[in-house]
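Novice: How does the following fold in three dimensions:
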Amino acid sequence: MEYLVALTLSLILVAPLIKNSGEFITKQIELEKSHSLAAEADRALELIGRAIRMAGYRNAQSLISSTRKEATLSDFIQVQKSNGYRGSDSLMVKHEISQGIDFDCIGNTLSKERTKNQLAQQGFLVDRQSLIPKGMRVNGGSLVCQSLDRQGRLQNTTLMNGINHLSFELLEGSAGKVYRVKLEMTDGVSIHREFERTFATRNLL
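Specialist: Residues are numbered from 1 along each chain as shown. From the prediction side, this is the model:
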């Protein structure tokens, strides 16, 4: 009898601790997932921002020898509205390559072979995740980088998953061409975070 009483008292005292420990572990996992999504979002926005800043770039040698018309917005940066996963927008940027070392959105060193009509291309879109095992929960779509291979052909490379929505908005009345980029990230369960940055073109007025 005394053993049962002691066991009951122990369970009464320990149960709240077990519950609290379980809740703490759950919150810790969510926090780690949230930090991971934030890190992925920061990486994606940095790549997108770098591309926007490069839009319309022309190197000095080209400006001297080329008869190409002056860079315009529609020639070198295009936004397609609501043509991706869950109505996400897509972006395509074109620019010449510099005399230094430039990289595309997947880290390839840009060269003349990776151009079309002497222009490098970098694009971003959100597509459905492919090759998802049956029954597995989908955690958003995939952010896809579009770039040119060594034969000048457009190739798609998945950068990351967990993208719920991507949008680009040209801010009217701003100096130069400024875009507001919004990126929504999700773990497919309970975490949904929105990240926003603004980027200005350096070579287009």
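Novice: Spatially central residue in this structure, please.
Specialist: Residue closest to the average C-alpha location in the chain (C-alpha atoms, centre = their mean): residue 44, at 3.2 Å.
Novice: Would you confirm that it contacts residue 160?
Specialist: Yes - Residue 44 is within contact range of residue 160, at 6.5 Å (criterion: C-beta atoms under 8 Å). For every residue, glycine as well, the C-beta is placed using N, CA and C.
Novice: For these two, list the residues in contact with both.
Specialist: Residues touching both residue 44 and residue 160 (C-beta atoms under 8 Å, 6 or more residues apart in numbering): residue 143.
Novice: since we're on residue 112, how many residues are nearby?
Specialist: For residue 112, the neighbour count with other C-beta atoms under 10 Å is 10.
Novice: and the gap between residue 85 and residue 184?
Specialist: 11 Å (C-beta to C-beta, to the nearest Å).
Novice: tell me, what's touching these two both at once?
Specialist: Joint contacts of residue 85 and residue 184 (C-beta under 8 Å, 6+ apart) are 163, 165.
Novice: Give me the nearest residue to residue 43, chain neighbours excluded.
Specialist: residue 160 (7.4 Å; C-beta to C-beta, 6 or more residues apart in numbering).
Novice: whoops, I mixed them up, residue 149
Specialist: residue 155 (4.9 Å).
Novice: I'd assumed residue 148 was in contact with the one you found.
Specialist: Yes - at 7.1 Å, residue 155 counts as touching residue 148 under the criterion of C-beta under 8 Å.
Novice: who's more crowded, those two?
Specialist: In terms of neighbours (other C-beta under 10 Å), residue 148 is the more surrounded of residue 155 and residue 148; the figures are 22 against 15.
Novice: Now do the more buried one, the pLDDT please.
Specialist: Looking at residue 148, its pLDDT stands at 95.
Novice: related to what we said a few turns ago, can you name the next helix or strand after the helix or strand encompassing the residue nearest to residue 149?
Specialist: According to DSSP states H and E, residue 155 maps onto strand 154-171. Sequence-wise, the next helix or strand downstream of strand 154-171 (DSSP H and E) is strand 178-186.
Novice: What pairs with that next one, parallel or antiparallel?
Specialist: Applying DSSP bridges to the sheet, strand 178-186 is found paired with strand 154-171 (antiparallel), strand 192-200 (antiparallel).
Novice: Return the most buried member of those strands.
Specialist: strand 154-171 (a mean of 18; mean count of other C-beta atoms under 10 Å).
Novice: for this structure, what helix or strand is lowest in average pLDDT?
Specialist: helix 60-65 (a mean of 64; mean pLDDT, DSSP states H and E).
Novice: who touches the helix or strand just after it?
Specialist: Where DSSP H and E defines the elements, the next helix or strand beyond helix 60-65 is helix 73-76. Contact with helix 73-76 is made by 55, 56, 93, 94, 95, 177, 203, 204, as judged by C-beta under 8 Å, 6+ apart.
Novice: Centre of the chain to helix 73-76, how far?
Specialist: 22 Å (C-alpha atoms, centre = their mean, to the nearest Å).
Novice: Use 260 as the first number for this chain going forward.
Specialist: New numbering, starting at 260: the last item is helix 332-335.
Novice: Now do the contacts for the closest residue to residue 360 other than its chain neighbours.
Specialist: In this structure, residue 360 finds its nearest non-sequential neighbour in residue 368, 6.2 Å apart by C-beta to C-beta, 6+ apart. By C-beta under 8 Å, 6+ apart, the contact list for residue 368 reads 360, 361, 362.
Novice: Okay then, goodbye and thanks.
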